[in-house]
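Asker: sequence and computational prediction follow.
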Amino acid sequence: MKKVSVEKAFDKFKPESCVFVISVDKNSGPSGMIAGWKMRCSWNVPFYFAVALSKSGHTHTLIEQSKEFVVAVPNKELEKQVEFFGSVSGKDIDKFKVSGIETAPAKFIRSPLLKKATINLECKLYKQIDSGDHIIFIGEILACYINENKKVLLNMGKLKGKRIFKEF
Ligand SMILES: Cc1cc2nc3c(=O)[nH]c(=O)nc-3n(C[C@H](O)[C@H](O)[C@H](O)COP(=O)(O)O)c2cc1C
């Protein structure tokens, strides 16, 4: 066994899936980001799902205010939008408008679903926990949707500085 840095240890978790985390502002304007740090966190009703979002980003401010979010799992068709939502901030740009990503209305919340995503979860904020430079948002899942024949995009890690994705 070899003693390594935290970064090197966490790199061993890859490949891992990532998700869009979407919420809305006061005028129901959507914005969102990509999160690789996510987990299911209850076995039975109520069903909870958690994401860890950086305090330096924009999306956490929307969830703190709207108390809701959508978790959408991408596939190969959404790879470009994953790169985009995961690299620019909603503080500077309207990511939905610029990317033209297709949405569908949610049933119980204002945040939109992603039409082409493999999985969509509608979540109502249950609790938020400070985790240093990130905030863990735990959402109660109100509704789930899948696109039956679509796969899931996996983040394989970086090769020569470029992030590699594969579908599984
Ligand atoms: C594959 C991938 C995984 C990411 N995982 C996370 C994450 O778990 N938490 C986080 O805060 N940022 C993560 N990011 C970075 C954010 O998506 C990125 O900083 C984004 O621009 C923040 O947008 P916002 O400022 O509009 O919230 C990830 C980016 C990528 C491409």
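Answerer: Received the coordinates, thanks.

Asker: around the ligand, pick out the residues from the protein.
Answerer: 18, 31, 33-37, 52-54, 57-59, 86-91, 134, 155 (Cβ under 6 Å from any ligand atom). Where C-beta positions appear, they are placed from N, C-alpha and C, glycine not excepted.

Asker: only whichever of these are buried, select them in ChimeraX.
Answerer: Per 16 or more other Cβ atoms under 10 Å, the buried members of the residues of the chain next to the ligand correspond to this ChimeraX selection:
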select :18,31,33,34,35,37,52,53,57,58,59,86,90,134,155
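
Asker: what about the residues of the chain next to the ligand, which are in strands?
Answerer: 31, 33-35, 52-54, 134, 155 (DSSP state E).

Asker: from those residues, pick the one nearest K124.
Answerer: The nearest member of these to K124, counting by Cβ to Cβ, is L53 at 16.4 Å.

Asker: follow-up on the earlier one: will you turn the ones in strands among the residues of the chain next to the ligand into JSON lines that also has pLDDT?
Answerer: Output for these, formatted as JSON lines (pLDDT from 0 to 100):
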{"residue": "S31", "pLDDT": "98"}
{"residue": "M33", "pLDDT": "98"}
{"residue": "I34", "pLDDT": "98"}
{"residue": "A35", "pLDDT": "98"}
{"residue": "A52", "pLDDT": "98"}
{"residue": "L53", "pLDDT": "98"}
{"residue": "S54", "pLDDT": "98"}
{"residue": "H134", "pLDDT": "98"}
{"residue": "N155", "pLDDT": "96"}
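
Asker: would you list those in TSV and tack on distance to G100?
Answerer: Formatted as TSV, these follow (distance: Cβ to Cβ, whole Å):
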residue	distance to G100
S31	15
M33	17
I34	17
A35	22
A52	28
L53	24
S54	25
H134	29
N155	23
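
Asker: what two of those residues are the furthest from one another?
Answerer: Within these, two members stand farthest from each other by Cβ to Cβ: S31 and N155, at 21.3 Å.

Asker: quickly find the element holding K14.
Answerer: Using DSSP states H and E, K14 is not contained in any helix or strand.
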